[in-house]
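Colleague: here are the coordinates; sequence isn't available:
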């Protein structure tokens, strides 16, 4: 079943900026989909349409099989959750516990269930020890995880994240992506990620949509997307660094690389195949001696 | 500036932070009434001394205390000076400055010191309360006392975003400073007004984004408040003892004044 179906959607802002022009976008339940695009490509507009903050001027949006207009706000926000790029936009309560409990309390759930959801959501993002802390005492990475917990407490089936790794250090970035992978693979959440950071996507995303000027330039698995060099350049994006290195080695130095590795693991396997084993063994023996 | 709003001490574990916020609010309210209605300076100054003593025992840094009390102490100084030289008839002393004759009067001095003591006593009560109770607990307690949800909602959001805006303003001010925005008086004034304008715009944008985030989590114009557990027997006894002590002190002072 499709979790999200966007068909022929147009959206133009009041100042005349055409943000989306006839976009088609489909996500199946349990998928991990990335929306890749440069600044101004229409990613944020698409996200705002999916969560009902904006209304499409033409076309149709269906959430879990139902037209978005047919869903009440309560129904919509229990199906689709949005994690904002800047956690400060989203964390408005004084403490972590109060903030995560905000959504469940708005659903008028009994206090015992509210507390259960808070514990569950904080545990899911490894933030249980932060429960009693004041929001303004948290680090940026902690704030990001707590804002994710706040959305998780609504128990949505689709989780949309706007630039979830923006502003995080490399370790925080890896931790956030692993967390999203866990939520997707273990909890079965459908994850939609809007980003312009390409390096980690091949490791996590099942499919990638490339957006440019409000249109879908390409859609497919990472290996298919990143072999279209011209399209990537046109969308003002770049290849993952490891792919770029392999591409340059292939183009300039004639190294016989098969296809284009997208991850360090793939690149390592290919390079090891090219280096004669005797050379590696000789090198090792030399070091030992 | 940042010290003024620092709340890290409210999250420490000590005898005062452990008391139920409702009990602390009631005690603070009773102390405020006693201080404000006092007819002599002894009770307000006793409250001031008690509060400062408690703050010292809790090892609150002197810098923070000075920072928080700087404004009220200035008000007290101004009050005493103005009252002393403007009100009353009985001269205490006189002097001439720049061709002007100034005469201090006894009634004005007494009036000024009493008003000053009221301010010091009241401010120290609020200061102590703010140093031993996290803001969210105060809001919860106020809601329990049936204070309007709308007022509390605004207070909660203001409290939360003060820190966000302060960070942003500090960044903007640093950016202006690094580009010599405060090197001359005129330039500093221009930089400051630009900073004020930018802060207002940032606040409005922040408000819009926060409202969107709240809507996405089911907000329909009413912010939910978490429940408070029943006040424990120990806290009830503390509350009763403190109220009796404050009432006795006030009655004693009344008797002395009368």
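Modeller: Good, I have the coordinates. This one's a predicted model, so the numbers in the text were calculated from it and none came from an experiment. Residues are numbered from 1 along each chain as shown, chains lettered A, B, ... in the order given.

Colleague: Is chain A within reach of stretch B:126-138?
Modeller: Yes - residues of stretch B:126-138 are located near chain A by CB under 8 Å from any CB of the partner chain, namely B:134, B:135, B:136. Placement of C-beta: from N, CA and C, glycine included.

Colleague: Tell me if I'm right that the first one and residue B:11 touch.
Modeller: Yes - using CB atoms under 8 Å as the test, residue B:134 is close enough to residue B:11 to be in contact (6.3 Å).

Colleague: what's the overlap in contacts for these two?
Modeller: When contacts are counted by CB atoms under 8 Å, 6 or more residues apart in numbering or on different chains, the set common to residue B:134 and residue B:11 consists of residue A:134.

Colleague: what about these two, which has more around it?
Modeller: More crowded of residue B:134 and residue B:11, by other CB atoms under 10 Å in any protein chain shown: residue B:134, with 19 against 13.

Colleague: For burial, what's the neighbour tally of residue 224?
Modeller: In the absence of a named chain, this looks at chain A. 12.

Colleague: that's the other chain; I wanted chain B
Modeller: Residue B:224 has 19 nearby residues by other CB under 10 Å.

Colleague: so it, which of the three states?
Modeller: coil (DSSP: H, G, I helix; E, B strand; the rest coil).

Colleague: Look at the spatially most central residue of chain A and report its pLDDT.
Modeller: In chain A, the centroid-proximal residue (CA atoms, centre = their mean) is residue A:193; its distance is 2.2 Å. pLDDT recorded at residue A:193 is 93.

Colleague: Tell me which residue of the stretch 1-150 of chain B lies closest to chain A.
Modeller: residue B:136 (3.5 Å; CB to the nearest CB).

Colleague: Is that residue within a helix or a strand, and which one?
Modeller: helix B:135-144 (DSSP states H and E).

Colleague: Check which helices and strands that helix is in contact with.
Modeller: Judged by 3 or more CB pairs under 8 Å, 6 or more residues apart in numbering or on different chains; DSSP states H and E, the packing partners of helix B:135-144 are helix B:21-37, helix B:149-178.

Colleague: Excluding covalently adjacent residues, which one is nearest to the residue of the stretch 1-150 of chain B closest to chain A?
Modeller: residue A:94 (3.5 Å; CB to CB, 6 or more residues apart in numbering or on different chains).

Colleague: and that neighbour, what are its phi and psi?
Modeller: phi -80, psi -40 (degrees, to the nearest 10).

Colleague: my read: residue B:124 touches residue B:51, true?
Modeller: Yes - here residue B:124 lies in contact with residue B:51, judged by CB under 8 Å, at a distance of 3.7 Å.

Colleague: the more surrounded of those two?
Modeller: residue B:124 (26 against 22).

Colleague: got the residues of the stretch 151-289 of chain A near chain B?
Modeller: A:151, A:154.

Colleague: can you map out the helices along the stretch 151-289 of chain A?
Modeller: A:170-185, A:201-204, A:222-225, A:229-234, A:241-253, A:264-274, A:277-288 (DSSP state H, counting those that start in this stretch).
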